[in-house]
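Asker: here is my input; please provide its structure:
(one chain, ligands or ions: 2)
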Amino acid sequence: MVTVMVISCPHALGLAIPLVSAISTAVSAQNGLLIRNRTAFENARKITTLVFDKTGTLTTGEFGVSRFKSVREGMEDKEMLRLAAALEANSEHPIAEGIMDKVKELGLETPSADNFNAITGKGVEATVEGQQVKVVSPRYLNDEGINIPEAAENDGGETIVFVLLDDKLAGFIAMADQIRPESAEAIQTLHKNGIKTMMLTGDNKAVAASVSRELGLDDFFAEVLPDQKLDKVKTLQEKGEYVAMTGDGINDAPALAQADVGIAVGSGTDVAAETADIILVNSNPRDISKLILFGKVLTAKWCRT
Ligand code: ADP
Ligand code: MG
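Answerer: Ligands and ions are numbered 1, 2, ... in the order given. Now for the predicted structure:
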């Protein structure tokens, strides 16, 4: 540091730039932003569209099971839940945590699962007590041509997953998640700064529409798989948008990498954090608007220097 100061003393650039750089990083950290890639941070001022993941990003990702029901004759609701739990015990998805909490609350014993596999963006599968068990999204049922039972139709507030035994529908589990209290404010600040907002989620359309309406987002796409999240970001970029993506999951990683500025939620998965340029340490979406305002202030400082 001393060497740099002595050598660069007559030269404003040698001193001013490292100082602005060091101070802005420190100020960002105090404001909940961990900068992994400075260039992306400095480019935050150029953002024209902010793409959000839903679960765990705009919402807390803390699911509570609201109802669960077996649709198989002779199978009790709890038995269906017990089989699902065998799979979810191996998953780090927020849905899995919600289901495991319910299982603990009911004091159910969780059987062990073999050949566990996470079907990214769709659900999980494994062998339990000799049966092939899957816990999957409504989209998976549609793709496989399985009808959704009437009792599992939802009014928009619920995330519903389905339990399949040997590829036949055995029941469903309905859960509710909550919008982070700071999300609405974040969206408002972005709009005030002329930035468009969009949500990409693997969850069903009804939930996505309800969250989007409540937060006043400009657009949303539901039931998208990880590579489709990436494609959406690419399409926006091709239209000339400067895109930032915010997400928390493994399913968001490809889109985080593609975006001009990738922002990971601190409470999310390690894969998302590793891929992103910036991490929201406090998992607070409001810090994103600070990021953009900082970017603008920083540019003003650079110009003055
Ligand atoms: P999001 O984009 O909202 O973060 P994901 O892409 O992670 O959602 O998941 C998409 C859908 O896949 C979920 O809404 C759920 O239906 C299903 N899914 C993913 N992981 C699991 C799991 N561990 N158990 C049950 N369903 C899952
Ligand atoms: Mg997510």
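Asker: quick one, strands of the protein?
Answerer: Taking DSSP state E, the strands of the chain run over residues 33-35, 49-53, 64-70, 114-119, 123-128, 131-136, 159-165, 168-176, 196-200, 219-221, 243-247, 261-265, 278-280.
Asker: between these, which gets nearest to ligand 2?
Answerer: Nearest of those to ligand 2, taken as Cβ to the ion: strand 49-53 at 4.4 Å. To be clear about C-beta, it is placed using only N, CA and C from the backbone, and glycine gets the same treatment.
Asker: so what are the sheet partners of that closest one and their directions?
Answerer: According to DSSP bridges, strand 49-53 forms sheet pairs with strand 196-200 (parallel), strand 243-247 (parallel).
Asker: what's the pLDDT at residue 302?
Answerer: If you check residue 302, the pLDDT there is 54.
Asker: brain fart, residue 295
Answerer: Reported pLDDT for residue 295: 69.
Asker: same check on residue 94?
Answerer: Residue 94 is assigned a pLDDT of 87 by the prediction.
Asker: give me the number of residues near it?
Answerer: As a burial measure, residue 94 scores 22 neighbours (other Cβ atoms under 10 Å).
Asker: mind listing what it touches?
Answerer: Contacts for residue 94 (Cβ atoms under 8 Å, 6 or more residues apart in numbering) come out as 55, 56, 61, 62, 63, 177.
Asker: helices of the stretch 201-305 of the chain, start to end?
Answerer: Using DSSP state H, counting those that start in this stretch, the helices of the stretch 201-305 of the chain run over 205-215, 226-238, 253-258, 270-275, 286-304.
Asker: starting at the chain centroid, how far to the first one?
Answerer: The chain centre lies 15 Å from the centre of helix 205-215; the measure is Cα atoms, centre = their mean, to the nearest Å.
Asker: go ahead and name everything in contact with it.
Answerer: Contacts of helix 205-215 (Cβ under 8 Å, 6+ apart): 54, 58-59, 154-159, 179, 183-184, 187, 197, 199, 201, 217, 219-223.
Asker: buried ones among those?
Answerer: Using 16 or more other Cβ atoms under 10 Å as the burial test, the contacts of helix 205-215 include 54, 58-59, 154, 158-159, 179, 183-184, 187, 197, 199, 201, 217, 220-223 as buried.
Asker: quick one: which of the contacts of residue 94 is nearest residue 268?
Answerer: Nearest to residue 268, judged by Cβ to Cβ, of those is residue 56 at 5.8 Å.
Asker: surely that closest one touches residue 266?
Answerer: No: the pair residue 56 / residue 266 is not scored as a contact, 10.6 Å apart, by Cβ atoms under 8 Å.
Asker: any idea how far residue 170 is from the closest residue to ligand 2 within the stretch 151-300 of the chain?
Answerer: For the stretch 151-300 of the chain and ligand 2, the shortest gap (Cβ to the ion) falls at residue 249, measuring 3.7 Å. The gap separating residue 249 from residue 170 is 26 Å, by Cβ to Cβ, to the nearest Å.
Asker: those two - which one has more neighbours?
Answerer: Neighbours per residue, other Cβ under 10 Å: of residue 249 and residue 170, the larger number sits with residue 249, 26 against 20.
Asker: first-to-last residue distance for stretch 208-224?
Answerer: Taking Cα to Cα, to the nearest Å, stretch 208-224 runs 11 Å from one end to the other.
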